[in-house]
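Q: Fold the following and give me the result.
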Amino acid sequence: MKRDAHIHTSFCPNGTTIPCEDYIKKAIKLGYEDITFTEHAPLPSNFVDFCPKEGRTMSPGLLLVYMDEMQRLKEKYKELIHIRIGFEVDYLEDYERETTSFLNLIGPHIDDAMLTVRFLKCGQSYTCVDHSFDQLTSLARKKDTLQSVYNLYYKTISKSIQSNLGNYKPKRISNPLLFPTDELQENLLFKQQLIDILKLIAKHNYELDVNYATLSKLYCNGSHPTVSYISYAKSLGIPIIHGSDAHHPDDLHPYEEGLFPFDR
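A: Numbering: from 1, shown residues only. Sure thing, here's the model as predicted:
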């Protein structure tokens, strides 16, 4: 089955103004049978969002509008494509209770979700390291070395996988390899950290989001995670779920030629 399980739209500031329906039409044209819209879920109201503008989450005021629009489109196109209503949910250290409350609220009404780590806690503040290389280097200066940032990231990923976020906790883990640079591919500590994360994902019977948007991003050199780690994940029995991380209909799997060997 041809599936894209990671799509963003105009409901997020880092999406586009193009209607959601255009994504669906493009997916049908490309032969997709199953897609998930995964908007960045609203952050807790008591959390201060330091993320750059392009990385911000959905406004709480749009939550019901988003759900209603997705349900309308799901019904309209049900004979042509399976549409899943979903979210990409941020794991925020020390905000587990608020995140659980949100998941309990929307969990019964959605079909799919991912758990992601984009915010790292350093001292009493949080830094978003997903969209801005400047943010990453700024955090590295606070932590003394870039390696210490990677250590913090994998420690936080580990916490997210093992955290108790209630019955509606997402079963798919996103962003397990946020920094796929050439230098890190030769870093033995980095390799072991990711291997440990994959083992933890397998232990908890979670899925792995394989994100191909990184193929077109600066500082990245492959899928997210890269091919060797995808193969290792499969050897552990982890379900591999493909996603384009599209922010525009044109982003729907532009690297589709490299996707499907992992499914064979």
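Q: Show me the helices in the chain, by range?
A: Along the chain, counting by DSSP state H, helices occupy 20-29, 63-76, 96-106, 133-143, 146-162, 182-185, 188-203, 227-235.
Q: so who does Leu64 touch?
A: The contact partners of Leu64, taken as C-beta atoms under 8 Å, 6 or more residues apart in numbering, number zero. Every C-beta, even on glycine, is put in place using the N, C-alpha and C of the backbone.
Q: Could you export the helices of the chain to TSV, including columns for distance to His40 and mean pLDDT?
A: Below are the helices of the chain laid out as TSV (distance: least, C-beta to C-beta, whole Å; pLDDT from 0 to 100):
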stretch	distance to His40	mean pLDDT
helix 20-29	15	96
helix 63-76	11	97
helix 96-106	12	97
helix 133-143	16	57
helix 146-162	15	88
helix 182-185	25	50
helix 188-203	21	88
helix 227-235	24	87
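Q: out of those, which comes closest to Thr116?
A: Nearest to Thr116 among these is helix 146-162; the distance by C-beta to C-beta comes to 8.1 Å.
Q: report the angle between the axes of the closest one and helix 96-106?
A: 50 degrees (axes from the mean of the first three to the mean of the last three C-alpha atoms, to 10 degrees).
Q: buried stuff in helix 146-162?
A: Neighbour-count burial for helix 146-162, with 16 or more other C-beta atoms under 10 Å as criterion, is recorded at 146, 149-150, 152-154, 156-157, 160-161.
Q: next one: stretch 114-121
A: 114-120.
Q: now stretch 167-177
A: Neighbour counts over stretch 167-177 (16+ other C-beta under 10 Å) mark 168-177 as buried.
Q: Can you list which of those residues are found in strands?
A: Using DSSP state E to define strands, the subset of those located there is 172-173.
Q: Would you agree Leu62 is in contact with Phe11?
A: Yes - between Leu62 and Phe11 there is a contact under C-beta atoms under 8 Å: 5.6 Å.
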